[in-house]
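Q: Mind looking at a prediction? Sequence and model below.
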Amino acid sequence: MKRFVFLLATLALLMASCDDQTSETSTMGSPPDIHFMDVTDSTGLDFVTTCGGTPSREILEVAGGGIALFDFDNDNDPDLFVANGATLESPHLGPGCRLFRNDSTKEQIRFTDVTPESGMTLNRWAMGAAAGDVDGDGFIDLHVTCWGPNALLRNRGDGTFEDITAMAGIDDDAWSTSSAFGDVDGDGDLDLYVVNYLEFDPNELPPTTTYKGQTVPTGPQGLTPQADRLWVNEGDGTFSDAIETGALDSITPAYGLNVVIIDFDGDNKQDITVGNDSMANDLFVHAESTDGNALKLINTGRQSGLAANLDGSEQATMGMAIGDVDGDGHPDLFTTNFSADTNTLHRSMGKGGWQDRTRQYGLGMPSRPWLGWTTAFVDLDYDNDEDLIILNGHVYPNATLDTMDAEYKQPPQVLIREGDRFIQLKADKTDNWLGIPRSDRAGAMGDLDGDGDLDLVTAELNGPIRIIENQTAPPRSHQPIMIHLINDRPGAKNLNGLGSRIRSVSQPVTTRWIYSGGAFQSANDSAASFSIPRGTAILNFDVTWPDGTTTRHEIQPESRVTIRRSAGQEVTS
Amino acid sequence: MNRAQTNIRTNLPLWIPRIVALACLFLMISCQDDSEAPGTSKISSRTGPNKKTIETPPLNETLSAHFKLIEDKRTGPARIRIRQWLNDHPEDARAEFLMGLSHHRDRRYARALTWLQDAIQHEPVYPPAWHFLGWTHYYLGNPEPARRAFEEHLVMDPEEGDTHFGLGLLDIEAWQLDDAERHFQLAIELQADLPHRVKGVSKAKARLSEVIEIRDENNQEAILLLQESVELYPDHYEAWYRLSQLLEKEGRTEEAQLAQSSFEEARERMRPQGETSE
């Protein structure tokens, strides 16, 4: 009898605990089955990139070309620009960059090559792209970084572009990798930071070197680094060099690869962080001007903790992503690095200081085999905290586990946030993207099909452009929304609010940034993705614009939401 | 334990292994390498009273010579000779261990892994193979196998401070800070009286400071630990860097700048030249 009573009690306990679980899952719904599918074949996009030969022989050939997702025709979907390179045999005349118009519906992602009619004739060795409305005419322009002369392409608004580089006065023959737009001087228009790498002459190829006993292309060590350029938009179609104007005393030459422009230290001014290859990263923040110059920037990379990892190691920073891993509203920085090293998460401690907290979040040791490029924070499982996407691939064609402890072709990774840790998502049998080794380099995120979640476009080194559709079905409890900004304040020229912070005021408070740069040599669509509870009638968002003004907006939850600055109520903090 | 005893080769005159063991110890002392590499190039010859410690059987004369080549960073010639030895003595676990060690020294961890696993398969109770297997997995980014190897090593040699240090690092990776503290404390205590382990103590103090800073938010104690660390081993540039960052955080700007200068000087002295970034 006692045994029977015990059994009954045990059963009751089990049932009670099952009930608890049911009630928990019914609040959130079942966790979504995260699924990305390579749908390139059905999109009409069939394009293979060029960046030197295969296998790579020189450092100029290893990084591939970037991409930009930006809405050039103002039809509310991101179009695709591909910065295409050339070859060592013909470095000044490659197959050319491409522009693809997004003709997608919610049911089908489609792209159409509109390069000929766009007037784009960039056949040089292009490396990367940044998108921003430099003249404030309501149409997004493009800056294309190249080995050799860069190009600023003005969007005429009729589907065509004109090269205004010379007129803008931003000629630069250096090897530029990435660039980013931001309103650094706070005058309402977009300034431009151009990241330069090193001196490389195809006619005088450097001798090879060794890595782990293997012969590999030389660089970056052993080659001459180049200084970046900050171009200040004068608002009249021209730009000034920030060093010449005294805004910057100098920029130390470095092997620059990436850049992000947002307000890093919370002073309501746009700062610049630069990711350098095997050299200290930079953080240019605003200082008080002593010589009457309105704009004065100083490099606090070392003091802030962003220059290096925990041990002072100056890593080979390639990808950069901004997120808020600890929910404190301050921007944290995740960077991808070389194999045999770890990726790094710098957590903002407020007041302009960062600490390497890579290991706290489980991002260190497991990343040692991977050589990472583009990365992005995205909430893939609708739990409000952001997960990570990382594209990988080694630079040395002779990389194998045996020779370099890392394979040449490496799979992309999706890391899901669980508690304080990021856990790698395993590929399943149906995946045709996750888990498959490639030579991925650049990537950009945007909502290609207008369903509210972020899709991905990737560029493989000397391989295809791939359209990776996010097919994750939202849980019953939540829905995705994609927020775009329109900065329609009178006189404002930063149309898309690059550098803005968007905060969901409703619980749980979540913070996202719309920023230029970060995606390696590439530009994400200027939008922020949120997950919101279904059935919510009105949502409140605070937008802190690049000039430091915060406005509150009530919006109705739709898959695509446009927040106009003029529609918000100014919030005083 | 029994299995260990049956694997230990005892067919040499007693004085030969002792001489070889002493020679190994001497080499170990003289060949401490850079800070985060497997810190103890140890082939343990512990003969203390701790009954739990399994003595590492010494290498024979030929393999000792090959080991010396490895310690002299002549890993290529060492491998040629070890391979010749293996032709005549296939499945000799000690030779396989040395082959793994040579790759480990060259930071080719995947190659080292294969040889160390072979060595362990052929002689399961050979403590240094487990120790270096742990470090090899660590550098390959395999935390769980690294932990298993280190723990296995500690069963055989519970007083090996460098293995405790490795486990402490794995605990930090797992963000188990209390466990990390325990292992770092043991690493310090077990190596404190060993003059050739100054670097090991320095490293453990530096890592312990991380725990104290983050878990306890005790910057003052963390700074003291880092100061002790760099005093013991002035080439420990990582510790200098962290010291400069912490001093900066505490507003001790001048001291931070001095530490930063020391960091740069130490890094210049220690950073390997001639290879691309790693």
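A: Now that the structure is in, tell me what you want to look at.

Q: all helices of the chain, in order?
A: No chain in the question, so chain A it is. For chain A, helices defined by DSSP state H occupy the ranges A:2-28, A:115-118, A:165-168, A:242-245, A:301-304, A:401-404.

Q: actually chain B
A: B:2-7, B:15-30, B:61-71, B:75-88, B:93-105, B:109-122, B:127-140, B:143-156, B:161-173, B:177-191, B:198-214, B:219-232, B:237-249, B:253-270.

Q: to the chain's geometric centre, what's the distance from the fifth one?
A: Which is helix B:93-105. The chain centroid and the centroid of helix B:93-105 are separated by 14 Å under C-alpha atoms, centre = their mean, to the nearest Å.

Q: Put the alpha carbons of it into CSV.
A: Extracted C-alpha coordinates of helix B:93-105, given in CSV (Å, rounded to 0.1, in the frame of the first residue of the first chain):
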residue,chain,number,x,y,z
ALA,B,93,55.3,4.8,-27.1
ARG,B,94,58.1,7.0,-25.9
ALA,B,95,59.3,7.6,-29.4
GLU,B,96,55.8,8.4,-30.5
PHE,B,97,55.5,10.8,-27.6
LEU,B,98,58.7,12.5,-28.7
MET,B,99,57.4,12.8,-32.2
GLY,B,100,54.2,14.4,-30.8
LEU,B,101,56.3,16.7,-28.6
SER,B,102,58.4,17.8,-31.6
HIS,B,103,55.2,18.9,-33.5
HIS,B,104,53.9,20.5,-30.4
ARG,B,105,57.0,22.6,-30.1
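
Q: Lowest mean pLDDT across the helices of chain A, which one is that?
A: Of all those, the minimum mean pLDDT falls on helix A:2-28 (a mean of 40).

Q: quick one: buried residues of stretch A:198-210?
A: A:198, A:200, A:202, A:209 (16 or more other C-beta atoms under 10 Å in any protein chain shown). In short, each C-beta sits where N, CA and C put it, glycine included.

Q: count of residues packed around residue A:401?
A: For residue A:401, the neighbour count with other C-beta atoms under 10 Å in any protein chain shown is 16.

Q: My read is that it contacts residue A:410, right?
A: No - using C-beta atoms under 8 Å, residue A:401 is not in contact with residue A:410; the gap is 11.0 Å.

Q: can you put the helices of chain B in CSV and add mean neighbour count and mean pLDDT?
A: Converted to CSV, the helices of chain B look like this (neighbours: other C-beta atoms under 10 Å in any protein chain shown; pLDDT from 0 to 100):
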stretch, mean neighbour count, mean pLDDT
helix B:2-7, 12, 32
helix B:15-30, 16, 37
helix B:61-71, 19, 97
helix B:75-88, 16, 97
helix B:93-105, 26, 98
helix B:109-122, 22, 98
helix B:127-140, 26, 98
helix B:143-156, 20, 97
helix B:161-173, 25, 98
helix B:177-191, 21, 98
helix B:198-214, 24, 98
helix B:219-232, 19, 98
helix B:237-249, 25, 96
helix B:253-270, 16, 95
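
Q: out of these, nearest to chain A?
A: Nearest to chain A, of all these, is helix B:237-249, at 2.8 Å by C-beta to the nearest C-beta.

Q: which strands and helices sit next to the closest one?
A: Counting contacts by 3 or more C-beta pairs under 8 Å, 6 or more residues apart in numbering or on different chains; DSSP states H and E, helix B:237-249 packs against helix B:198-214, helix B:219-232, helix B:253-270.

Q: Turn these into a markdown table, columns for distance to residue A:314.
A: As requested, the helices and strands packed on helix B:237-249 are arranged in a markdown table below (distance: least, C-beta to C-beta, whole Å):
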| stretch | distance to residue A:314 |
| --- | --- |
| helix B:198-214 | 19 |
| helix B:219-232 | 19 |
| helix B:253-270 | 9 |
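
Q: Now distance to chain A too, for these, in a markdown table please.
A: Below are these laid out as a markdown table (distance: least, C-beta to the nearest C-beta, whole Å):
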| stretch | distance to chain A |
| --- | --- |
| helix B:198-214 | 8 |
| helix B:219-232 | 12 |
| helix B:253-270 | 6 |
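
Q: So which of those is nearest residue A:415?
A: Ranking the helices and strands packed on helix B:237-249 by distance to residue A:415, with C-beta to C-beta as the measure, places helix B:198-214 first at 21.7 Å.

Q: Output the set of residues of the stretch 351-500 of chain A in proximity to chain B.
A: For the stretch 351-500 of chain A, the residues in contact with chain B (C-beta under 8 Å from any C-beta of the partner chain) are A:353, A:359-360, A:362, A:364-369, A:401-405, A:420-421.

Q: The closest residue to chain B within the stretch 351-500 of chain A: what's its closest spatial neighbour, skipping adjacent residues?
A: Distance from chain B to each residue of the stretch 351-500 of chain A (C-beta to the nearest C-beta) is smallest for residue A:368, at 3.3 Å. Leaving aside its sequence neighbours, residue A:368 sits nearest to residue B:141 (C-beta to C-beta, 6 or more residues apart in numbering or on different chains; 3.3 Å).

Q: Residue A:365 is in contact with the one you found, correct?
A: Yes - in terms of C-beta under 8 Å, residue B:141 counts as a neighbour of residue A:365; the distance is 5.1 Å.

Q: Can you give me the neighbour number for the residue of chain A found nearest chain B?
A: Chain B sits closest to residue A:312 of chain A, with a gap of 2.8 Å, by C-beta to the nearest C-beta. For residue A:312, the tally of surrounding residues (other C-beta under 10 Å) stands at 24.

Q: show me what contacts it?
A: Listed by C-beta atoms under 8 Å, 6 or more residues apart in numbering or on different chains, the contact set of residue A:312 reads B:237, B:238, B:240, B:241, B:242, B:263, B:267.

Q: Pick out the most distant pair among these.
A: Among the contacts of residue A:312, B:242 and B:267 lie farthest apart (C-beta to C-beta), at 12.7 Å.

Q: one step back: might you specify the subset of the residues of the stretch 351-500 of chain A next to chain B located within strands?
A: In strands, defined here by DSSP state E, the members of these are residue A:421.
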